[in-house]
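In: No letters, just coordinates:
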């Protein structure tokens, strides 16, 4: 998958999370954590496009992957704590999983091409 597709997915995902969190009343520190991790995915994907060499590119994608895992955690926590309904979080969780798989594949490809 092209980097521009991942860039578009991560931006769309950040917008989805921002809109989703606007529906949550209270829990401001938790909402902030979710917003920060979700928007960081796209920011790191963008940074990877301007990396200083292959190791920096891989490092930025690995940070994006870590943020993706963190975002999945926050979504799961919000559902288990009844802050969000499972239905409200389902599409975001699916989208996050898609990005996670793309990031893993991209990191593995970049590491193979580095050798």
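Out: Noted; the coordinates are in hand. Treat the numbers as computed from the prediction; the structure is a model and nothing was measured.
In: Looking at the host helix or strand of residue 89 now, give me its mean pLDDT.
Out: Per DSSP states H and E, residue 89 falls inside helix 86-114. For helix 86-114, the mean pLDDT works out to 94.
In: Check which helices and strands that helix is in contact with.
Out: When contacts are defined as 3 or more Cβ pairs under 8 Å, 6 or more residues apart in numbering; DSSP states H and E, helix 86-114 sits against helix 3-21, helix 54-80. Where C-beta positions appear, they are placed from N, C-alpha and C, glycine not excepted.
In: can you rerun that using 10 Å?
Out: helix 3-21, helix 28-48, helix 54-80 (3 or more Cβ pairs under 10 Å, 6 or more residues apart in numbering; DSSP states H and E).
In: Can you check what angle separates it from helix 54-80?
Out: Per axes from the mean of the first three to the mean of the last three Cα atoms, to 10 degrees, the angle that helix 86-114 makes with helix 54-80 is 160 degrees.
In: buried sites along helix 86-114?
Out: Counting neighbours by 16 or more other Cβ atoms under 10 Å, one finds that the buried residues in helix 86-114 are 88-89, 92-93, 95-96, 99-100, 102-103, 106-107, 110.
In: Which one of the helices and strands packed on helix 86-114 lies nearest to residue 114?
Out: Closest approach to residue 114 among these is made by helix 54-80 (4.8 Å; Cβ to Cβ).
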